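1. turn this into a structure:
(chains A and B)
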Amino acid sequence: MNPSYAQLFRALLPELALVAGACAVLGVDLAWLSGWAPARRRAAALVVAAASVVAALGLVCAGPRGSLYGGEWILDPLAVGTQAALLGLLLLGLGATSGAKLQQDPAEFVALTLLAGAGFLAMAAAQQLLLAFLALELASLCLYVLTGYDRLSPASAEAGLKYFLLGGMAAAFLLFGLSLIYGSEGTLELPRIGARVAAQGMTPLLQVGLAMVVVALGFKTAAAPFHFWAPDVYEGAPAPAAAVIASASKVAAVVLFARLLGVGFGAAGWPPAVAVLAAASLLVGNIGALGQGNLRRLLGYSAVAHAGALLLALLLLRAAGPGPLWYYALTYGVATLGAFGVIATLESDGDCQRISDLAGLHRRSPLLAACLAVFVLSLAGIPPLAGFFGKFAVFAAALSAGGVASAPGALALAAIALTVVALYYYLRLLKPAFLSPVPAGAAVISVPWAVRVCLVAAAVLLVILGLFPRLLLDRL
Amino acid sequence: MNTLPSAIYLCFAGSAAALVFGRRSAALARRLALAFAVAAALVVARAALDFAPAGELRTLTNAAWVPALGIRYHLAVDGISLTLAVLTAIAAIAGILFSWNVTESAGEFFALYLALLGAVYGVFLSENLFTLFVFYEIAIIPKYFLIARWGGGEREFAAMKLVLYSFAGSALVLAGLLWASAASGAHTFELPALAAATRALPGHVQVPLFALVFVGFATLAGLFPLHSWAPDGHVAAPTAASMLLAGVVMKLGAYGCLRVALPLFPAGFHALQGTIAVLAVIGILYAALVALVQSDFKRVVGFSSVSHMGFVLLGVAAGTPRAVAGAVLQMFSHGVLAGLLFGVVGRMVYDRTHTRDLASLRMMGLGRLLPFAAASFAVAGFASMGMPGFSGFPAELMILIGTWRYSPALTLGAVIGIVLCAAFTLRALQAGFLGGPPPAGAPVLPPITWPEKAGTCLLVAASVAVGLHPSLLLDWIEPALHSALFLPVWPGAAP
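-> Numbers count the residues shown, from 1 in each chain, chains lettered A, B, ... in the order given. Predicted coordinates for the structure are as follows:
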């Protein structure tokens, strides 16, 4: 091992660009914009933030590749692709929610989002226990603050507190689990842990540590029975925060844990536990979403259901590679981000909590209604949208991995059956948007151009990725 | 011939055009829709003229899509798919002509209609099963919005029910196909390659696989007891949608049974053949009996569709080339005639009288007020009873002859079904149109317009042409049934 700090610096440039962007957002706001109206301050902050995200994207594309710093930092196609995708999601998220209800101190909100983004990027590339934990915590701490950012809303405060307390507990589990793994194996580097586990097999100590890691995984991906925070956070958080939590945060967490479990433990010990989580999430998410009258809680339960499918894809890591998992996570991220973009825009002139608040959307804004239909139908898995191929790839891999008698095969059959339930609640969501008359007093919604561009881009992306899945799959 | 796929693309292009330009006026929207539907029909007609009957599927387009999963964008045609493409072309034009009076958001209406149409063409022309499945699912969502927005009565309930049934069916198909592809180790969705692999599976594996795929598709074909979405959905749907749903979309299910379930799992088919045939006959009789006591004119037609689709399923289940050829002919015949029946009931009668209650219609003397509607209904009704000279006659005759060799008892059941069909059709004809002279001071009904007449003539002409000259279609269908794909399906084939 011969660490080269120059090399490490180059590899970390994208993260540094985001941190510098966050500082720039705060600095510009503090130095020049304190007298401006909040809306303009937010616009300026978003422009600076977008510039830094684009810069980071360029740095990711031009950056080094391969295993760096003694294998603790990995920039393989999965990591680089995830980093690029995360930055894309961040950019889309910033733009699509730029019409949201104004918060106090909008610049700080944007800066925190960028810092969380730096954490996400690190989560995609960390291949060492401590680094992984630090990256996860950097992202999580920012997200806790973002969730509770709306100081005037009790729901936001409640969601923030809940997310923080449960998240803190999950972090404690993860740290304890990682320390047990370190104590048992004597190294923090995942490839070396993987080699030792393959050679010596599991010990009871390792088993306990692994169980704690799986608990943290369940929490981070909102898998049942660790999902209780998700509907509350989706309901209470400001829309831009919810968009990030539902999309980029989930993608980063899935890739992080795929590496932690896949590289560190191969197929030892964890698959049965993850299969149980997947089954529970599929059931709880889909059944729970049925009865929801609240739009955001419905999306929260749908997130739980999708977590079930993601965990199923995680189980197939060895049999099918990361392709299905990656494709599913990304396209899910785009779709749910878009849905929150629509919600954010609707919230700028009224409430958007209940499903009935969508009434008459196709008259009030045909563009928003059409985009919402694309996002929701992609979540439901209707072709030719990307959500369909994501499901197809995961289910096909699950069944060909071990047939119907294996755990993934049975899970896939259950998941296919549950897509029918899911279509019901997704259509229930679209029903008021397209079928109900415009409520009295509701005006035509004006959609800012940045939101327009980002939502249309997200919708077009879902169509293109659905028609040409190789655009993503061939990257890995 | 190789231009046939452009029928699919024309429909989707027309859908986009109707959505974009249809906002300006309803007149522009329907003219655009008609133009694109006619263009697609011309493409189909040209292909039909060029078609040289050959057994095997003829490839139209074949491009790599996702090679890792054995997914190709592979379109192909044989006599069966061409028959159904011709049916789609005819029903589509008639449907647009019968919805000439749609004014509410006409652009969106025709956009959804054409999207559904494009998906239907896509299913009929798909060779790769992934491609087929994608088109099959694309067809689902337009149905929901067509019914829930432009329908009548309990439209939201009916639309949701129809869509959930369809989607549940396609979920079964998806599970079956993925399982089959995994179990056979073929890792491809190319129909001949997958069929070659799945036929080698032992019988006890084929049975559940066949059941999944067949029941999944047959849900959309109205197999008893999974048929109850059909009357609800077709009654609530706007006229053009019920014409297309009953006329063509139900055939997607029957086509899937025939094209996918049978060739893929012949052993499974032979094991479950009897069950399906019995269910089909129950469906024929049950739906006919229910149609006999309906007070709603449109529900009579809705249940008659289920009854007639029972003949298709019976023909498929009988599993002889003649019965199956009859089933395909019946698909064509029912597609044309159900379209006409729904057109008369939904457009000519309901849009003018605003009632579908047979008791009220009896008082109106529609036979005098709307003689054209009465004549059209009589023609369509007699044709669907199986009167010689119309397409229903050769179709049902072939099914009955083909089934006789399989099971005389079931054939008798089906014959009783034909009698019941005559009973409910005549009852509806009498109550709807022949109730006596119109009462004094009856409101003047708007006269039948030219699009309605044109649509009626088109549908009647199609039925008469095939009725007088069934070999027009049978010359296409029969060679396809003797292709390598279907050989293991027929009795006496080597196991």
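2. any idea where the helices of the stretch 251-400 of chain B begin and end?
-> B:262-264, B:266-292, B:297-318, B:321-342, B:351-353, B:358-364, B:366-369, B:371-385, B:392-406 (DSSP state H, counting those that start in this stretch).
3. pipe the ones you listed into JSON lines and attach distance to chain A, mean neighbour count and mean pLDDT per row.
-> C-beta coordinates here come from the backbone N, C-alpha and C atoms, glycine included. Compiled in JSON lines, these are given as follows (distance: least, Cβ to the nearest Cβ, whole Å; neighbours: other Cβ atoms under 10 Å in any protein chain shown; pLDDT from 0 to 100):
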{"stretch": "helix B:262-264", "distance to chain A": "16", "mean neighbour count": "26", "mean pLDDT": "92"}
{"stretch": "helix B:266-292", "distance to chain A": "15", "mean neighbour count": "21", "mean pLDDT": "93"}
{"stretch": "helix B:297-318", "distance to chain A": "21", "mean neighbour count": "29", "mean pLDDT": "92"}
{"stretch": "helix B:321-342", "distance to chain A": "23", "mean neighbour count": "28", "mean pLDDT": "93"}
{"stretch": "helix B:351-353", "distance to chain A": "21", "mean neighbour count": "18", "mean pLDDT": "85"}
{"stretch": "helix B:358-364", "distance to chain A": "29", "mean neighbour count": "17", "mean pLDDT": "83"}
{"stretch": "helix B:366-369", "distance to chain A": "32", "mean neighbour count": "20", "mean pLDDT": "82"}
{"stretch": "helix B:371-385", "distance to chain A": "31", "mean neighbour count": "21", "mean pLDDT": "91"}
{"stretch": "helix B:392-406", "distance to chain A": "32", "mean neighbour count": "23", "mean pLDDT": "91"}
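4. now these as TSV including distance to A:Gly21?
-> As requested, the helices of the stretch 251-400 of chain B are arranged in TSV below (distance: least, Cβ to Cβ, whole Å):
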stretch	distance to A:Gly21
helix B:262-264	56
helix B:266-292	61
helix B:297-318	62
helix B:321-342	61
helix B:351-353	62
helix B:358-364	72
helix B:366-369	74
helix B:371-385	70
helix B:392-406	70
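5. of those helices, give the one that comes closest to A:Val404.
-> helix B:266-292 (15.3 Å; Cβ to Cβ).
6. now find how far off-centre the closest one is within its chain.
-> In terms of Cα atoms, centre = their mean, to the nearest Å, the centre of helix B:266-292 is found 17 Å from the chain centre.
7. ditto for stretch A:195-203
-> Worked out by Cα atoms, centre = their mean, stretch A:195-203 lies 32 Å from the chain centre.
8. for it, what is the average pLDDT?
-> Average pLDDT, stretch A:195-203: 88.
9. what sits up against it?
-> For stretch A:195-203, the surrounding residues in contact (Cβ atoms under 8 Å, 6 or more residues apart in numbering or on different chains) are A:Ser184, A:Glu185, A:Thr187, A:Leu206, A:Leu210, A:Gly264, A:Phe265, A:Gly266, A:Ala268, A:Gly269.
10. can you mark which positions in that stretch are buried?
-> Neighbour-count burial for stretch A:195-203 flags A:Arg196, A:Val197 (criterion: 16 or more other Cβ atoms under 10 Å in any protein chain shown).
11. surely A:Ser67 is in a helix?
-> No. Under the criterion used here (DSSP: H, G, I helix; E, B strand; the rest coil), A:Ser67 is strand, not part of a helix.
12. tell me the contacts of it?
-> A:Trp73, A:Ile74, A:Leu75, A:Asp76, A:Gln127.
13. surely the last one and A:Glu72 touch.
-> Yes. Here A:Gln127 lies in contact with A:Glu72, judged by Cβ atoms under 8 Å, at a distance of 5.7 Å.
14. which one of those two is surrounded by more residues?
-> A:Gln127 (26 against 22; other Cβ atoms under 10 Å in any protein chain shown).
15. tell me the contacts of that one?
-> Residues near A:Gln127 by Cβ under 8 Å, 6+ apart: A:Ser67, A:Gly71, A:Glu72, A:Trp73, A:Ile74, A:Glu189, A:Leu190, A:Pro191, A:Arg259, A:Val263.
16. tell me the residues of chain B that contact chain A?
-> Counting by Cβ under 8 Å from any Cβ of the partner chain, chain B comes close to chain A at B:65-66, B:68-69, B:130, B:133-134, B:137-138, B:140-141, B:144-145, B:148-149, B:156, B:160, B:163-164, B:167-168, B:171, B:174-175, B:178-179, B:181-183, B:187.
17. check the gap between the spatially closest residue to A:Val274 that is not a sequence neighbour and chain B for me.
-> The shortest distance from A:Val274 to any non-neighbouring residue, by Cβ to Cβ, 6 or more residues apart in numbering or on different chains, is to A:Leu311 (5.3 Å). A:Leu311 is 19 Å from chain B, where distance means Cβ to the nearest Cβ, to the nearest Å.
18. which SS class is A:Leu311?
-> helix.
19. quick one, what contacts it?
-> A:Thr221, A:Ala223, A:Val274, A:Ala275, A:Leu277, A:Ala278, A:Ser281.
20. other SSEs contacting the helix or strand containing A:Phe340?
-> With elements delineated by DSSP states H and E, A:Phe340 resides in helix A:323-347, which encompasses its position. Here helix A:323-347 touches helix A:77-96, helix A:239-246, helix A:248-265, helix A:295-315, helix A:366-380, helix A:386-402, helix A:449-467, helix A:470-473, going by 3 or more Cβ pairs under 8 Å, 6 or more residues apart in numbering or on different chains; DSSP states H and E.
21. what's the offset of that helix from the middle of its chain?
-> 8 Å.
22. tell me what the longest helix belonging to chain B is packed against?
-> Secondary structure of chain B per DSSP state H: the longest helix is helix B:155-184. Packing contacts for helix B:155-184, counted by 3+ Cβ pairs under 8 Å, 6+ apart, involve helix A:386-402, helix A:407-435, helix B:129-138, helix B:140-150, helix B:191-199, helix B:203-220, helix B:229-236.
23. out of those helices, which gets nearest to A:Tyr144?
-> helix A:407-435 (28.0 Å).
24. hmm, the closest one touching chain B?
-> Yes. For helix A:407-435, a contact with chain B is found by Cβ under 8 Å from any Cβ, at A:409, A:412-413, A:416-417, A:419-420, A:423-424, A:427, A:431, A:434-435.
25. which element follows the helix holding A:Phe340 toward the C-terminus?
-> Later in the chain than helix A:323-347, the nearest helix or strand by DSSP H and E is helix A:361-364.
26. contacts for that following helix next, please.
-> Counting by Cβ under 8 Å, 6+ apart, A:346, A:368-370, A:372, A:432-434, A:437-438, A:442-445 sit against helix A:361-364.
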